[in-house]
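*Asks:* Here is my input, please return the structure:
(chains A, B, C and D)
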Number of protein chains: 2
Amino acid sequence: MADQLDRILAQWHAEKPGLDVSPMAVVGRLSRAASAVDARLAATFAGHGLDSSTFDVLATLLRSGPPYSLAPAALARDAMISTSAVAQRLNKLEARGLVARKANPDDGRGTLVSLTPAGRNLIEAALPDHLATEHALTGALTKKEQAQLAALLQKLTDAAG
Amino acid sequence: MADQLDRILAQWHAEKPGLDVSPMAVVGRLSRAASAVDARLAATFAGHGLDSSTFDVLATLLRSGPPYSLAPAALARDAMISTSAVAQRLNKLEARGLVARKANPDDGRGTLVSLTPAGRNLIEAALPDHLATEHALTGALTKKEQAQLAALLQKLTDAAG
DNA sequence: TATTGTTATACTCTATAACTATA
DNA sequence: TATAGTTATAGAGTATAACAATA
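*Replies:* As a prediction, the model looks like this:
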């Protein structure tokens, strides 16, 4: 049962028999797995009126614990995007009443972003659904396989710097 | 040596001790590995004046073998994007002289996209560099680990598909 | 001077819909 | 009528740079 990547590798073997294209099997499947998983997660998010970046912001605030409040810079670090991208995400979330911005009492330059009650309710409702989706995906693997996969992905990430 | 994902999991354990967040270890690392690998590949592409979507189009044409010519619909299927997105990528590649469009002699409605000599030269030069980058990444894993990783990713993709 | 955060702006990429031409 | 392909258009998302306020 050759999949698309097997066909791609076969094409390369035919066209470039001298090249060792074996890494493509790993890198190509990594890319496809990430896409497929993202699509499944996005479907769950959409069921709650969220997308993955919105979910990430709300989930980051939730898992930070009471008072569910962080500086924009911390959100930017966590999501690995610019602070301006965070500001623009926050504008939308604030317009929807899911987060609120307050002045940071300890630093007049700073802002603190907090979950509103509505934002808290939304992320508390979405989180179990999201976890159920993740369990459904990883459930195809044994616990041992999951641990192996996580370790191998970690090695690859380290190699990529 | 806790990484960022270990810290995230620890936060969830503290905030939601009743939830089994173990799938996040796998899904989170998948996402981070894909991002890290993409960034490394993009750096190699940039060294040849390419980005990953441009490389994909040229590489798809090359591995299709002589006469290095495909219909836009085939390129769209391969890249999993709309035909209009393909048309717009091709406009740019054609403006750079890397591909050429000709009428399909067998179907008056159709177009055939071919590598120009310049396009052929560029992808032939970029491919070994790209493979070297992929070898550098996967070289952190033994051959056996690479095979394991590919198989586990395949299982996960199937579960998501 | 450096830092925090926001906004203005421009850029890239994409999909939907409208359109042309051919089967 | 259906299919292949292109273009026009609009939307989403981002980063760079300019700006305001505070440290």
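*Asks:* how near is A:Gly49 to A:Gly119?
*Replies:* 12 Å (CB to CB, to the nearest Å). The way it works is simple: take the backbone N, C-alpha and C, and place the C-beta from them, glycine included.
*Asks:* need the longest helix for chain A.
*Replies:* helix A:23-46 (DSSP state H).
*Asks:* is that one up against chain B anywhere?
*Replies:* Yes. Counting by CB under 8 Å from any CB of the partner chain, chain B has neighbours in helix A:23-46: A:23-27, A:29-41.
*Asks:* Please say which of A:Gly49 and A:Gly119 ends up with more neighbours.
*Replies:* Under the neighbour definition other CB atoms under 10 Å in any protein chain shown, A:Gly49 and A:Gly119 were set side by side, and A:Gly119 has more, 24 against 11.
*Asks:* Within the helices and strands, which one has the more buried one?
*Replies:* Assigned by DSSP states H and E, A:Gly119 falls within helix A:117-138.
*Asks:* Show me what the next helix or strand after that helix is packed against.
*Replies:* Scanning forward in sequence from helix A:117-138 by DSSP H and E, the next helix or strand is helix A:143-160. Packing partners of helix A:143-160 (3 or more CB pairs under 8 Å, 6 or more residues apart in numbering or on different chains; DSSP states H and E): helix B:22-46, helix B:117-138, helix B:143-160.
*Asks:* okay if I get the ones you listed as TSV plus mean pLDDT and distance to DNA strand D?
*Replies:* Shown next, in TSV, are the helices and strands packed on helix A:143-160 (pLDDT from 0 to 100; distance: least, CB to the nearest atom of the strand, whole Å):
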stretch	mean pLDDT	distance to DNA strand D
helix B:22-46	96	12
helix B:117-138	98	15
helix B:143-160	97	21
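*Asks:* could these go into a markdown table alongside distance to A:Tyr68?
*Replies:* Listed next are these as a markdown table, based on distance: least, CB to CB, whole Å:
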| stretch | distance to A:Tyr68 |
| --- | --- |
| helix B:22-46 | 19 |
| helix B:117-138 | 38 |
| helix B:143-160 | 31 |
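*Asks:* for these, which one sits closest to DNA strand C?
*Replies:* helix B:22-46 (10.5 Å; CB to the nearest atom of the strand).
*Asks:* which parts of chain A sit against DNA strand C?
*Replies:* A:71-73, A:83-84, A:86-88, A:90-91, A:101, A:104, A:107, A:109-111 (CB under 7 Å from any atom of the strand).
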